Each structure stands twice: as C-alpha cells, then as structure tokens.
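1. generate a structure from the sequence data that follows.
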Amino acid sequence: MQDLNMVVSAVLAGVNIGTFLVYGIDKLKAKYGRWRIPESVLLGLAALGGSVGAWLGMQVWHHKTQHKKFKYGVPAIFVAQVALIVWLLAR
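-> The predicted model follows:
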C-alpha cells in the first residue's frame, strides 16, 4: 500500500508541476501574441489532478484570474478532488 501511495503522490506532484508550467507558458504566449493553449486543455489539466498547480499558476503568473471559468472552476475542481480522496480513503 505504501508503494501505491508513493506512486500516486509522485504522479500528482508531476501533474501539478506540469500544469503550473503550462499556465506560465500560456501567459508568456499571451504576452507575445503567440498561439495559445486552449482553455479546455488548461481546465482539463486541473481536472486530471493538477488543480493545485493550476491555482498556483493563476496566482504566480496572474493568468486567467478574472475569467469566471477559472476563478470559480479551478477551486471547484479542487474541492471535488479532495471530496473524492476523502471518499476513497473512507472506504
């Protein structure tokens, strides 16, 4: 069981670091008028376990903080993920 916890923790850490970096890359692309990463990809990364990285990316890069989809969506995804984890651990 400890091995599984280590693997899940490592995967979630990687997803969150990657998501954080993707938000930074999209902000940089926006600044220079380049091709952008679709919002569905940004929100999808949050939904795949990168909600903490997405929220940190929004705060650090000041990116998508005024878009309601992100302002309310990323925290909602985080709450849903925490609820899922609690439910799984309680079983």
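2. wait, what's in contact with residue 68?
-> Residue 68 makes contact with no residue, according to Cβ atoms under 8 Å, 6 or more residues apart in numbering. Glycine gets a C-beta too; all of them are placed from N, C-alpha and C.
3. where does it land on pLDDT?
-> We have a pLDDT of 96 for residue 68.
4. give me the phi and psi angles of it.
-> phi -60, psi -40 (degrees, to the nearest 10).
5. and it, how far is that from residue 41?
-> 18 Å (Cβ to Cβ, to the nearest Å).
6. repeat for residue 69
-> 13 Å.
7. and residue 24, how many residues sit next to it?
-> 15 (other Cβ atoms under 10 Å).
8. what about it, which SS state?
-> helix (DSSP: H, G, I helix; E, B strand; the rest coil).
9. pretty sure it contacts residue 62?
-> No: using Cβ atoms under 8 Å, residue 24 is not in contact with residue 62, being 10.5 Å away.
10. what sits against the nearest residue in space to residue 54 that is not next to it in sequence?
-> Leaving aside its sequence neighbours, residue 54 sits nearest to residue 46 (Cβ to Cβ, 6 or more residues apart in numbering; 3.9 Å). Counting by Cβ under 8 Å, 6+ apart, residue 46 touches 19, 53-55, 73-74, 77-78.
11. any idea how far residue 18 is from residue 2?
-> Taking Cβ to Cβ, one finds residue 18 at 24 Å from residue 2.
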